[in-house]
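# Below are the sequence and a predicted model; questions follow.
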Amino acid sequence: MSVINTATNTVVGAPIAVGNQPAVVAAVPGGRVYVTNFAANTVTVIDTTTNAVIGAPIAVGAQPVGVAVAPNGNAYVTNRGSNTVTVIDTATNTVVGAPIPVGAQPNFVAIAPNGNAYVANIGSNTVTVINTISNTVVGAPIAVGNQPWGIAVGADGIAYTANRAANSVTVFDTATATVVGAPIPVGAGPIAVTVAPNNKVYVSNINGNNVSVIQFDPTLTSINPTQGPIAGGTVVTINGTNLTGASVTFGGIPATGVPVNATGTQITATTPPGAAAGPVTVTVTTPGGSASLVNGFTYLLPVHATSLVATPALSKLFPPHVYFPYLTAKLTDQVTGLPVPGQTISFKIGSNLVGTATTDAQGVARFNETLILTLILANGGYDAEFAGGSTGSAILSPSSDHAGVIEP
């Protein structure tokens, strides 16, 4: 058996001598690996610190192929020639109990997050489920594709079998022991399969001399925050699954800076400038497909403070006479310094609303005061109020002003 330094991808030292026709290797927490020897009907144990063989080979069933280690530390070895699974206690390197009967020609085995062992049976086109606590078979075998050689289970509990004679991969849910969807076509002669941390599935095709990569449609569960300024620049976190290789759009406009975490479950994106204020759909697209959060993000206009300046009423007392027959108030955007047209200004005397007017292009609202001069004089002036509003580019905050009376 050869040892590869994964940091440099180079072979370490000379090959380690094991049994006849070594097939599969599995690592055990604590620094050991277990190698099945197909033609020797044994398992060899190697210390990964010294790369030396530990003890004598462990006798198992006929033609052992697959091996996987359960959370309880037991190793499960598939014996293709005897249609059984041998259990090894890795703490003592001894066989536990009698071999467990499974389907015909068990090949590879995988441990699911639920702790069960899943055995792919080449000769019966099924998967046998073993409870690793009781070491007993659970339920009926799961029917999969023709000649399932390889099997792997993802962190989400979804399992995959490489069906050599069908050139396909079967997907099933270990939580329900039911097949999900139709088989997925891959290359010629798929024999092994593994699930990467980002949930991509890699399948080796022995007759095609290649590897097929399966990436499933993304799913989206949340986005945070859900709103930000229309100018863009909000950093959001998008959660979901199968997000590797994603691009993101907000209302059809591409986001910038879209890193995805190693497991393909989280995206960090920076919102682009929005086309308009309001909710937009957030769409994530990957090589496997796309998914959207409808109205998942809302663009907000910036808030601009305003100032309102009311012009004092000008009058003579004897006889009462108004030099300027209009009350006037000018509204200004304090952020831009520009007058604000098209906004409603209310004119009040005391607590009484006497009328409203709309600001013109110069931001000025005018209200005829001729008939209410007496009230203005009695109250020492009037009030102009802006309740707030919006333009196409900003939300305007409220403002007000009191104007007195000038008596020449």
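Great, that's in hand.

# Quick check: bridge partners of residue 279?
Taking DSSP bridges, one finds residue 298 as the beta-bridge partners of residue 279.

# And for residue 293?
Residues in beta-bridge contact with residue 293 (DSSP bridges): residue 282.

# Make 48 the first number, not 1, from now on.
That works, and once the first residue is 48, the last one we named lands at residue 340.

# does it really touch residue 314, like I thought?
No. At 11.7 Å, residue 340 does not count as touching residue 314 under the criterion of C-beta atoms under 8 Å. (Glycine included, C-beta is placed from N, CA and C.)

# Common neighbours of those two, please.
In the contact map built from C-beta atoms under 8 Å, 6 or more residues apart in numbering, the residues linked to both residue 340 and residue 314 are residue 285.

# These two: which is more packed in?
Ranked by neighbour count (other C-beta atoms under 10 Å), residue 340 and residue 314 place residue 314 first, with 25 against 18.

# For the more buried one, identify the helix or strand it belongs to.
Taking DSSP states H and E as the definition, residue 314 sits inside strand 313-317.

# now do residue 388
When elements are assigned from DSSP H and E, residue 388 belongs to no helix and no strand.

# and stretch 389-402, how far apart are its ends?
The distance separating the two terminal residues of stretch 389-402, taken as C-alpha to C-alpha, to the nearest Å, comes to 16 Å.

# brain fart, stretch 190-197
Criterion C-alpha to C-alpha; first-to-last residue distance in stretch 190-197 is 14 Å.

# pLDDT on it, on average?
When pLDDT is averaged over stretch 190-197, the result is 98.

# what's the offset of that stretch from the middle of its chain?
Stretch 190-197 has its C-alpha centroid displaced from the chain centroid by 31 Å (C-alpha atoms, centre = their mean, to the nearest Å).

# List the buried residues for it?
Of the residues in stretch 190-197, those scored as buried under the neighbour-count criterion (16 or more other C-beta atoms under 10 Å) are 191, 192, 194, 195, 196, 197.

# wait, the last one sits on residue 206?
No. Contact between residue 197 and residue 206 fails when scored by C-beta under 8 Å: they sit 10.8 Å apart.

# Please list all residues in contact with residue 435.
Counting by C-beta under 8 Å, 6+ apart, residue 435 touches 442, 443, 444, 445.

# Give me the distance between the nearest residue to it once chain neighbours are set aside and residue 432.
Excluding the flanking residues, the one nearest residue 435 by C-beta to C-beta, 6 or more residues apart in numbering is residue 445, at 4.2 Å. Taken as C-beta to C-beta, to the nearest Å, the spacing of residue 445 relative to residue 432 amounts to 8 Å.

# So which of the two has more stuff around it?
The residue with more neighbours, out of residue 445 and residue 432, is residue 432; 20 against 12, by other C-beta under 10 Å.

# Can you name the residues in contact with the host helix or strand of the more buried one?
When secondary structure is defined by DSSP H and E, residue 432 falls within strand 429-433. The set of residues external to strand 429-433 that reach it, using C-beta under 8 Å, 6+ apart, is 353, 355, 357, 360, 374, 376, 378, 390-396, 401, 412, 416, 423, 443, 445-450.
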